[in-house]
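> Quick one, structure for this:
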Amino acid sequence: MQVKNPKITFIDFFCGAGGLSLGLEANGFKLLLANDNDPASIKTFIKNRPGLKTNSVILGDIRDLSGYINQLSEERVIDLVVGGPPCQGFSMANRQRLIDDPRNSLYKEFVKATSKLQPKAFLMENVKGMLPMAKHVVEDLEDVGYAVSYQLLNAKDYGIPQHRERLFYLGLRKKNFKNPYEVLKAIFEEIRLDKQPTKVPLRSAFWGLRKLVARTEKNRTEVDSEKSGMFRDKIFSNDRRDKTYIRKINGGRIPNSVYNHKARYNNNRDLLIFKLLPQGGKSDHPDIAHIMPYNSRKGIFKDKFYKLVAGKPSKTITSHMKFDCHMYIHPFEPRGLTPREAARIQSFPDSYVFHGPYTQWYNQIGNAVPPLLASVVAKTLKKYLL
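Residues are numbered from 1 along each chain as shown. Presented below is the predicted three-dimensional model:
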């Protein structure tokens with residue numbers, strides 16, 4: 001994904017490893033400022049953008065950025081503010097507004113920053129579980145001058161081999177649009193029309209990757225040094241499986257190598273479970289009943305293990321993978337998914353390298369917005385912001 005003639009400026013709060021920014025940049029958007037409080041994510045963000053000005057990416061709490069935000073608001077017009085602020089909860093009992101709940105201080109800061117910067121538009125991504133609170137998000141951001149709408153988008157509908165439902169809120173500054181609600185309706189309709197009828201199967205993400213064996217020596221990968229993790233893995237170009245998806249996430253090119261393709265530690269019992277489970281099999285499958293460590297508590301641990309199905313989109317890639325990959329067992333090999341496999345399922349290009357400790361690669365990947373999905377949204381939004 002390359003930047004071509006950037007015209008539309010944007011700021012990315014809670015940027016993480018940079019999935020949302022990557023999709024915007026692929027459509028010619030120009031990054032002015034990115035911020036996150038996770039050091040590994042910021043390192044990944046910067047390392048994958050070698051031409052970026054060092055002062056445009058800031059490690060730290062958004063609550064400490066008032067100076068930068070005030071300066072930007074005075075210096076120039078901002079076209080777009082994006083981000084995925086975490087929202088911890090909402091109490092229906094006391095009818096407290098979302099923005100007033102102390103657990104949602106980071107969401108409140110996103111609203112404050114948007115209010116101060118007054119961009120032409122904002123884009124906010126969040127988990128499906130926030131759907132009951134959607135009307136409160138709309139109220140909070142309409143109060144600071146925006147027409148707001150939202151849509152639940154599923155990555156699997158847009159050529160990504162993953163079932164991943166996320167809420168996307170889009171707001172247009174009322175002063176910049178004659179009929180903002182009609183424009184919002186048109187934007188989401190265009191995004192809907194970009195849906196692809198054929199779903200990309202999980203197996204498409206495995207093209208060219210070397211077969212691996214899970215590590216049986218504990219702590220070799222759990223506390224991995226960056227040096228040992230940054231080795232380059234050769235792509236097997238003679239792989240006869242379909243490579244359409246791999247070509248798509250790599251900008252039309254076929255890579256000759258990848259990074260972050262490294263198997264993690266598992267004990268012998270888990271490896272046996274990984275081997276015996278059929279695709280689609282869970283913890284309660286009869287083939288592993290004799291070795292399941294939680295036999296007497298099947299109801300509690302029925303979701304402890306799951307082997308992915310090669311012919312269907314993957315289940316949602318999440319940051320839980322930093323703890324274990326028991327729910328992400330490779331369909332063909334007795335091991336969990338590697339970070340590179342997870343990154344491909346998330347639609348990151350193979351040239352995008354994840355930095356920091358090994359388990360943090362999973363964290364960054366699981367928290368990201370799929371770049372291809374971000375690109376679909378950006379392509380449509382661009383028409384209305386030029």
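> Downstream of the lowest-mean-pLDDT helix or strand in the chain, the next helix or strand is which one?
One helix or strand of the chain scores below all others by mean pLDDT, DSSP states H and E: helix 226-229, with a mean of 51. From helix 226-229 onward toward the C-terminus, using DSSP states H and E, the following helix or strand is strand 233-234.
> With the flanking residues excluded, which residue is spatially nearest to the spatially most central residue of the chain?
The centre of the chain sits closest to Ala368, judged by C-alpha atoms, centre = their mean, with a distance of 1.9 Å. In space, and not counting its chain neighbours, Ala368 is closest to Gly19: 3.4 Å by C-beta to C-beta, 6 or more residues apart in numbering. Placement of C-beta: from N, CA and C, glycine included.
> Look up how far Pro371 lies from Glu125.
Separation of Glu125 from Pro371 (C-beta to C-beta, to the nearest Å): 13 Å.
> hey, what's in contact with both of these two?
Counting by C-beta atoms under 8 Å, 6 or more residues apart in numbering, the shared contacts of Glu125 and Pro371 are Leu20.
> can you give me the strands in the protein?
Assigned by DSSP state E, the chain shows strands spanning 8-13, 29-36, 57-59, 80-83, 121-127, 146-154, 165-173, 233-234, 257-258.
> who's more crowded, Glu125 and Pro371?
More crowded of Glu125 and Pro371, by other C-beta atoms under 10 Å: Pro371, with 27 against 21.
> To what extent is the closest residue to Asp242 other than its chain neighbours buried, counted in neighbours?
Distance criterion C-beta to C-beta, 6+ apart; nearest residue to Asp242, sequence neighbours excluded, is Ser204 at 6.3 Å. Using other C-beta under 10 Å, Ser204 has 22 other residues around it.
> need the contact list for Ser204.
Contacts of Ser204 by C-beta under 8 Å, 6+ apart are Pro161, Arg241, Asp242, Thr244, Tyr245, Ile246.
> Also Trp361?
Contacts of Trp361 (C-beta under 8 Å, 6+ apart): Gly229, Asn260, Pro339, Ala343, Phe354.
> quick one: least confident of the residues you listed?
Among these, Gly229 carries the lowest pLDDT, at 51.
> mind checking pLDDT for the nearest residue to Asp287 once chain neighbours are set aside?
Nearest non-adjacent residue to Asp287, counting by C-beta to C-beta, 6+ apart: Leu276, 4.9 Å away. At Leu276, the predicted lDDT confidence score is 96.
> And for Asp303?
71.
> and if you look at Gly129?
Looking at Gly129, its pLDDT is 86.
> Next one: it relative to Asp38, how far apart?
According to C-beta to C-beta, Gly129 and Asp38 sit 21 Å apart.
> Looking at these two, which is more packed in?
Asp38 (19 against 11).
> Distance of that one relative to Glu142?
31 Å.
> sorry, back to before: mind listing what the residue nearest to Asp287 touches?
By C-beta under 8 Å, 6+ apart, the neighbours of Leu276 are Asp287, Ile288, Ile291.
> Ok, Met327 next?
Met327 is in contact with Asp303, Lys304, Phe305, Tyr306, Lys315, His320, counting by C-beta under 8 Å, 6+ apart.
> Quick check on it: phi, psi?
Reported as degrees, to the nearest 10, the phi and psi values for Met327 are phi -90, psi 10.
> Next, find the distance separating it from Asp12.
Distance of Met327 to Asp12, computed by C-beta to C-beta: 29 Å.
> before we move on, back to that, PyMOL command for the buried members of the contacts of Leu276?
To isolate the buried members of these in PyMOL, using 16 or more other C-beta atoms under 10 Å:
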select buried, resi 288
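> okay, the contacts of Leu276 in TSV with distance to Leu385 and pLDDT next?
TSV is the format used below for the contacts of Leu276 (distance: C-beta to C-beta, whole Å; pLDDT from 0 to 100):
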residue	distance to Leu385	pLDDT
Asp287	54	91
Ile288	53	90
Ile291	56	88
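> which of the contacts of Leu276 lies closest to Val77?
Using C-beta to C-beta, Ile288 is the member of the contacts of Leu276 that sits closest to Val77, with 59.3 Å.
> correct me, but that closest one touches Leu277?
Yes - contact criterion C-beta atoms under 8 Å: Ile288 and Leu277 qualify, at 5.9 Å.
> Any chance you could list residues touching both of these two?
Joint contacts of Ile288 and Leu277 (C-beta under 8 Å, 6+ apart) are Phe305.
> which residues are contacting stretch 374-383?
Contact partners of stretch 374-383, identified using C-beta under 8 Å, 6+ apart, comprise 1, 8, 19-24, 26-29, 80, 121, 123, 153, 158, 168, 170, 187, 190-191, 194.
> how about a cut-off of 7 Å?
Contacting residues not belonging to stretch 374-383 are listed as 8, 19-20, 22-24, 26-29, 121, 123, 158, 168, 187, 190-191, 194 [C-beta atoms under 7 Å, 6 or more residues apart in numbering].
> Report the buried residues of stretch 158-175.
Those would be 158-164, 166-173, for stretch 158-175 by 16+ other C-beta under 10 Å.
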